[in-house]
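Chemist: Fold the following for me, if possible:
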Amino acid sequence: MLLSEPSVRPFHRAQFLQIAAAPWLFLFLFITVASSSSAPRRYFEFRNNFWMNLHHTLFREAVVAKMTAETRTKSGLTQLDNAGVSKPERQAWEDAVRFYSDSYAGERLLFDDQLVSINNLLGAEKDPGKLSGEGLPRALVQCLKGAAPVYRAHWWPEHQKTNMQFIVEMEPKVAELGPEVIPQLEHLFGMKWPVKPLPVEVNYYVAEVGGAYTTEHPGHTTVASGREDNHGPAGVETLFHEGA
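Modeler: A predicted model of the protein is given here:
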């Protein structure tokens, strides 16, 4: 969005003399303008959202739970280690996984309208300690609230840490490569990159092909930090690829 230029009125001589008598003001204005004009453009807004991570972890656990033992072995996927989880906590967690299995079995995060809507709504939840649940199905809200204490106590600290490591790794690489890559993408796809940074939900798990996906209206990318090949140059490529 382009900002309209402010109207400019000529200075009176008295005003000019007042300003000229304060050279520090010119210096301040110069530094302010120089700083703002040299600020790097933000192409992505990285988020490390508790409720998004809980949602995607439960979805992933439901997917793995439905797999045969042979499929799990071939894919190398296992369910979360529940060592140290108390019996009541285990029951609450299993109930939540069962809810996801019953509600979303066979659905794709990328293509199912309800799951896309849930992803967008959870992305707007800013308070990690409280789920407003606005717009979400009541049964889902109850499920997430029931599973939240278990996830927060046993798996979230490691997931949150890995997400932050991903963000710290990616931000400088995106800032460095963006000015060269974005114009090429715009030319290649005949599109303009959004003026506002594209929201990127960094989740430990993303049970989609390639461990990343993007939905539209509004543009919203979700990427897995726990996936090895989403780091390094391949991770940067994933971000720009998804954003385009």
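
Chemist: going forward, measure contacts and count neighbours with C-alpha atoms only.
Modeler: OK.

Chemist: Going along the chain, name the strands of this protein.
Modeler: Secondary structure of the chain by DSSP state E: the strands cover 44-47, 198-203, 212-215, 220-224.

Chemist: can you redo those strands as TSV with mean neighbour count and distance to Glu237?
Modeler: Converted to TSV, these look like this (neighbours: other CA atoms under 10 Å; distance: least, CA to CA, whole Å):
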stretch	mean neighbour count	distance to Glu237
strand 44-47	18	13
strand 198-203	24	14
strand 212-215	22	11
strand 220-224	25	12
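
Chemist: any low-confidence regions in this protein?
Modeler: For the chain, the stretches with pLDDT under 70 are 1-39.

Chemist: which residues in it form helices?
Modeler: Under the criterion DSSP state H, helices of the chain are mapped to 13-20, 23-38, 50-66, 69-75, 87-104, 113-123, 138-154, 156-189, 232-243.

Chemist: Let me know which of the ones you listed is the nearest to Ser132.
Modeler: helix 138-154 (8.5 Å; CA to CA).

Chemist: ok, and for that closest one, which residues are buried?
Modeler: 140, 143-148, 150-152, 154 (16 or more other CA atoms under 10 Å).

Chemist: same thing with stretch 232-244?
Modeler: Quick answer for stretch 232-244 (16+ other CA under 10 Å): 235-236, 238-240, 242-244.

Chemist: what sits against the spatially closest residue to Gln160 that is not a sequence neighbour?
Modeler: Distance criterion CA to CA, 6 or more residues apart in numbering; nearest residue to Gln160, sequence neighbours excluded, is Asn48 at 6.8 Å. By CA atoms under 8 Å, 6 or more residues apart in numbering, the residues touching Asn48 are 160, 163-164, 201-203.

Chemist: if we go to 7 Å?
Modeler: Counting by CA atoms under 7 Å, 6 or more residues apart in numbering, Asn48 touches 160, 163, 201-203.

Chemist: Tabulate the buried residues of stretch 232-244 in JSON lines, adding columns for distance to Ser117.
Modeler: Below are those laid out as JSON lines (distance: CA to CA, whole Å):
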{"residue": "Gly235", "distance to Ser117": "25"}
{"residue": "Val236", "distance to Ser117": "26"}
{"residue": "Thr238", "distance to Ser117": "23"}
{"residue": "Leu239", "distance to Ser117": "21"}
{"residue": "Phe240", "distance to Ser117": "23"}
{"residue": "Glu242", "distance to Ser117": "18"}
{"residue": "Gly243", "distance to Ser117": "19"}
{"residue": "Ala244", "distance to Ser117": "21"}
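
Chemist: And the residues you listed, which is closest to Glu180?
Modeler: Proximity of those to Glu180 (CA to CA) peaks at Phe240, which lies at 11.5 Å.

Chemist: most tightly surrounded among the helices of the chain?
Modeler: Highest mean neighbour count among the helices of the chain (mean count of other CA atoms under 10 Å): helix 50-66, with a mean of 22.

Chemist: Which elements pack onto it?
Modeler: helix 87-104, helix 113-123 (3 or more CA pairs under 7 Å, 6 or more residues apart in numbering; DSSP states H and E).

Chemist: Present those as a markdown table; the columns should include distance to Gln79.
Modeler: Putting these into a markdown table (distance: least, CA to CA, whole Å) gives the following:
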| stretch | distance to Gln79 |
| --- | --- |
| helix 87-104 | 11 |
| helix 113-123 | 21 |
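
Chemist: Report how many residues lie close to Gly106.
Modeler: Around Gly106 there are 12 other residues, counting by other CA atoms under 10 Å.

Chemist: That concludes my questions; thank you for your assistance.
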